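Colleague: test case, fold it:
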Amino acid sequence: MSSRPTPATPARAAAPANDDVFQVEPGVHEPLADLAREAGALLPDAEPHDAHPARRRWVAWLMLAVAIVGGAIGTSALAASAGFTRMGPIALMAAGYAVCFVALTRALRVIPISVAYAVWSGVGIALVSAIGWLWLGQQLNRGELLGIALILAGTVVIQLFSRCHDGAR
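Modeller: The predicted model follows:
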(Lines give C-alpha, C1' and ligand atoms only; values in the text may rest on other atoms or scores of the structure.)
Protein backbone atom coordinates (compact mmCIF):
# COMPACT_ATOMS: atom_id res chain seq x y z
CA MET A 1 0.00 0.00 0.00
CA SER A 2 1.64 3.22 -1.12
CA SER A 3 1.18 6.52 0.53
CA ARG A 4 0.44 9.29 -1.92
CA PRO A 5 0.42 12.91 -0.89
CA THR A 6 -2.99 14.53 -1.19
CA PRO A 7 -3.36 17.99 -2.66
CA ALA A 8 -4.12 20.74 -0.22
CA THR A 9 -7.82 21.40 0.09
CA PRO A 10 -8.68 25.03 -0.60
CA ALA A 11 -10.47 26.85 2.16
CA ARG A 12 -14.26 27.07 1.70
CA ALA A 13 -15.64 30.54 1.22
CA ALA A 14 -18.03 31.78 3.85
CA ALA A 15 -21.71 31.75 2.87
CA PRO A 16 -23.01 35.13 1.75
CA ALA A 17 -24.97 37.05 4.35
CA ASN A 18 -28.19 36.90 2.33
CA ASP A 19 -27.89 33.09 1.85
CA ASP A 20 -28.36 33.39 -1.90
CA VAL A 21 -27.68 29.94 -3.33
CA PHE A 22 -26.44 31.43 -6.58
CA GLN A 23 -23.66 33.46 -4.91
CA VAL A 24 -20.76 31.03 -4.88
CA GLU A 25 -17.04 31.56 -5.12
CA PRO A 26 -15.41 30.01 -8.22
CA GLY A 27 -12.92 27.21 -7.77
CA VAL A 28 -13.90 25.84 -4.35
CA HIS A 29 -17.02 23.86 -5.23
CA GLU A 30 -18.45 21.40 -7.70
CA PRO A 31 -17.92 22.19 -11.39
CA LEU A 32 -21.60 23.00 -11.98
CA ALA A 33 -21.74 25.72 -9.32
CA ASP A 34 -20.50 28.39 -11.74
CA LEU A 35 -23.20 27.35 -14.18
CA ALA A 36 -25.81 27.56 -11.41
CA ARG A 37 -24.61 31.03 -10.45
CA GLU A 38 -24.87 32.20 -14.05
CA ALA A 39 -28.30 30.61 -14.46
CA GLY A 40 -29.46 32.22 -11.24
CA ALA A 41 -28.40 35.62 -12.52
CA LEU A 42 -30.61 35.10 -15.57
CA LEU A 43 -33.75 34.14 -13.61
CA PRO A 44 -36.47 36.79 -13.44
CA ASP A 45 -37.72 37.95 -10.06
CA ALA A 46 -41.29 36.89 -10.91
CA GLU A 47 -43.17 34.00 -9.32
CA PRO A 48 -42.98 30.55 -10.94
CA HIS A 49 -44.91 30.41 -14.19
CA ASP A 50 -48.41 28.93 -13.97
CA ALA A 51 -50.40 31.05 -16.39
CA HIS A 52 -53.28 28.59 -16.76
CA PRO A 53 -54.10 26.81 -13.45
CA ALA A 54 -57.69 26.04 -14.53
CA ARG A 55 -56.40 24.44 -17.72
CA ARG A 56 -53.91 22.35 -15.73
CA ARG A 57 -56.74 21.07 -13.50
CA TRP A 58 -58.90 20.29 -16.54
CA VAL A 59 -56.07 18.37 -18.21
CA ALA A 60 -55.36 16.50 -14.96
CA TRP A 61 -58.98 15.35 -14.72
CA LEU A 62 -58.90 14.36 -18.39
CA MET A 63 -55.75 12.31 -17.70
CA LEU A 64 -57.52 10.68 -14.75
CA ALA A 65 -60.42 9.73 -17.06
CA VAL A 66 -57.92 8.26 -19.55
CA ALA A 67 -56.32 6.31 -16.69
CA ILE A 68 -59.69 4.93 -15.64
CA VAL A 69 -60.55 3.81 -19.18
CA GLY A 70 -57.07 2.33 -19.70
CA GLY A 71 -57.31 0.41 -16.42
CA ALA A 72 -60.77 -0.88 -17.29
CA ILE A 73 -59.56 -2.03 -20.71
CA GLY A 74 -56.52 -3.72 -19.15
CA THR A 75 -58.61 -5.48 -16.50
CA SER A 76 -61.21 -6.61 -19.03
CA ALA A 77 -58.49 -7.93 -21.32
CA LEU A 78 -56.98 -9.76 -18.35
CA ALA A 79 -60.30 -11.54 -17.84
CA ALA A 80 -60.43 -12.38 -21.56
CA SER A 81 -56.86 -13.74 -21.64
CA ALA A 82 -58.03 -17.14 -20.30
CA GLY A 83 -55.26 -17.40 -17.75
CA PHE A 84 -52.57 -15.77 -19.91
CA THR A 85 -53.09 -18.26 -22.74
CA ARG A 86 -54.34 -15.86 -25.45
CA MET A 87 -51.79 -13.39 -26.80
CA GLY A 88 -54.23 -10.79 -28.19
CA PRO A 89 -55.85 -10.03 -24.83
CA ILE A 90 -52.45 -10.14 -23.10
CA ALA A 91 -51.11 -7.45 -25.47
CA LEU A 92 -54.29 -5.38 -24.97
CA MET A 93 -53.92 -5.79 -21.20
CA ALA A 94 -50.31 -4.57 -21.26
CA ALA A 95 -51.20 -1.59 -23.44
CA GLY A 96 -54.24 -0.72 -21.30
CA TYR A 97 -52.25 -0.82 -18.07
CA ALA A 98 -49.38 1.17 -19.60
CA VAL A 99 -51.80 3.90 -20.70
CA CYS A 100 -53.48 3.73 -17.31
CA PHE A 101 -50.37 4.27 -15.23
CA VAL A 102 -48.81 6.90 -17.49
CA ALA A 103 -52.05 8.90 -17.46
CA LEU A 104 -52.48 8.42 -13.69
CA THR A 105 -48.95 9.68 -13.14
CA ARG A 106 -49.76 12.80 -15.17
CA ALA A 107 -52.98 13.37 -13.21
CA LEU A 108 -51.13 13.09 -9.89
CA ARG A 109 -49.10 16.18 -10.75
CA VAL A 110 -52.19 18.27 -9.95
CA ILE A 111 -54.78 16.09 -8.20
CA PRO A 112 -53.95 14.92 -4.66
CA ILE A 113 -53.32 11.18 -4.54
CA SER A 114 -56.12 10.54 -2.04
CA VAL A 115 -58.73 12.08 -4.33
CA ALA A 116 -57.25 10.67 -7.55
CA TYR A 117 -57.04 7.14 -6.17
CA ALA A 118 -60.58 7.25 -4.78
CA VAL A 119 -62.01 8.44 -8.10
CA TRP A 120 -59.80 6.09 -10.15
CA SER A 121 -60.69 3.00 -8.14
CA GLY A 122 -64.37 3.85 -7.61
CA VAL A 123 -65.19 4.73 -11.19
CA GLY A 124 -62.91 1.93 -12.41
CA ILE A 125 -64.85 -0.64 -10.36
CA ALA A 126 -68.12 0.58 -11.81
CA LEU A 127 -66.74 0.62 -15.36
CA VAL A 128 -65.23 -2.88 -15.12
CA SER A 129 -68.49 -4.17 -13.64
CA ALA A 130 -70.43 -2.65 -16.54
CA ILE A 131 -68.01 -4.17 -19.07
CA GLY A 132 -68.33 -7.56 -17.38
CA TRP A 133 -72.11 -7.31 -17.48
CA LEU A 134 -72.42 -6.00 -21.05
CA TRP A 135 -69.65 -7.86 -22.90
CA LEU A 136 -68.50 -10.75 -20.75
CA GLY A 137 -71.95 -12.02 -19.78
CA GLN A 138 -71.48 -11.67 -16.03
CA GLN A 139 -74.54 -11.21 -13.86
CA LEU A 140 -74.91 -8.58 -11.14
CA ASN A 141 -77.45 -9.09 -8.36
CA ARG A 142 -79.15 -6.30 -6.41
CA GLY A 143 -76.59 -6.35 -3.62
CA GLU A 144 -73.71 -5.96 -6.05
CA LEU A 145 -75.50 -3.15 -7.88
CA LEU A 146 -76.19 -1.41 -4.56
CA GLY A 147 -72.52 -1.77 -3.58
CA ILE A 148 -71.39 -0.25 -6.89
CA ALA A 149 -73.88 2.60 -6.43
CA LEU A 150 -72.50 3.26 -2.93
CA ILE A 151 -68.93 3.26 -4.27
CA LEU A 152 -69.92 5.81 -6.92
CA ALA A 153 -71.77 7.90 -4.30
CA GLY A 154 -68.66 7.88 -2.12
CA THR A 155 -66.56 8.95 -5.09
CA VAL A 156 -68.92 11.86 -5.74
CA VAL A 157 -68.79 12.92 -2.07
CA ILE A 158 -64.98 12.84 -2.09
CA GLN A 159 -64.95 14.86 -5.30
CA LEU A 160 -67.43 17.44 -3.99
CA PHE A 161 -65.66 18.00 -0.69
CA SER A 162 -62.04 17.75 -1.79
CA ARG A 163 -59.92 20.88 -1.48
CA CYS A 164 -58.11 20.39 -4.79
CA HIS A 165 -60.55 22.69 -6.63
CA ASP A 166 -59.32 25.85 -4.95
CA GLY A 167 -55.65 25.12 -5.54
CA ALA A 168 -54.97 23.89 -2.00
CA ARG A 169 -53.09 20.63 -1.72
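
Colleague: for residue 91, give its distance to residue 124.
Modeller: The gap separating residue 91 from residue 124 is 21 Å, by CB to CB, to the nearest Å. For glycine as for every other residue, the C-beta is placed from the backbone atoms N, C-alpha and C.

Colleague: helices along the chain, start to end?
Modeller: 33-42, 53-80, 87-107, 113-134, 142-161 (DSSP state H).

Colleague: now those helices in CSV, with mean pLDDT?
Modeller: What follows is the helices of the chain, written out as CSV (pLDDT from 0 to 100):
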stretch, mean pLDDT
helix 33-42, 59
helix 53-80, 94
helix 87-107, 96
helix 113-134, 92
helix 142-161, 90
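
Colleague: how about a markdown table for the ones you listed, with mean neighbour count added?
Modeller: Formatted as a markdown table, those follow (neighbours: other CB atoms under 10 Å):
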| stretch | mean neighbour count |
| --- | --- |
| helix 33-42 | 12 |
| helix 53-80 | 18 |
| helix 87-107 | 16 |
| helix 113-134 | 17 |
| helix 142-161 | 13 |
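
Colleague: my read: residue 76 touches residue 130, true?
Modeller: No. Between residue 76 and residue 130 there is no contact under CB atoms under 8 Å: 10.0 Å.

Colleague: burial count for residue 138?
Modeller: 13 (other CB atoms under 10 Å).

Colleague: wait, what's in contact with the nearest residue to it once chain neighbours are set aside?
Modeller: The spatial neighbour of residue 138 that comes closest, neighbours along the chain excluded (CB to CB, 6 or more residues apart in numbering), is residue 132 at 3.9 Å. Contacts for residue 132 were tallied using CB atoms under 8 Å, 6 or more residues apart in numbering; they are 76, 79, 138.

Colleague: ok, residue 92 next?
Modeller: 73-74, 77, 80.

Colleague: and if we set it to 6 Å?
Modeller: Taking CB atoms under 6 Å, 6 or more residues apart in numbering, we find residue 92 in contact with residue 77.

Colleague: just residue 122 next, same as before
Modeller: Residue 122 neighbours (CB under 6 Å, 6+ apart): 151, 155.

Colleague: how about 10 Å then?
Modeller: 68, 148, 150-156, 158-159 (CB atoms under 10 Å, 6 or more residues apart in numbering).
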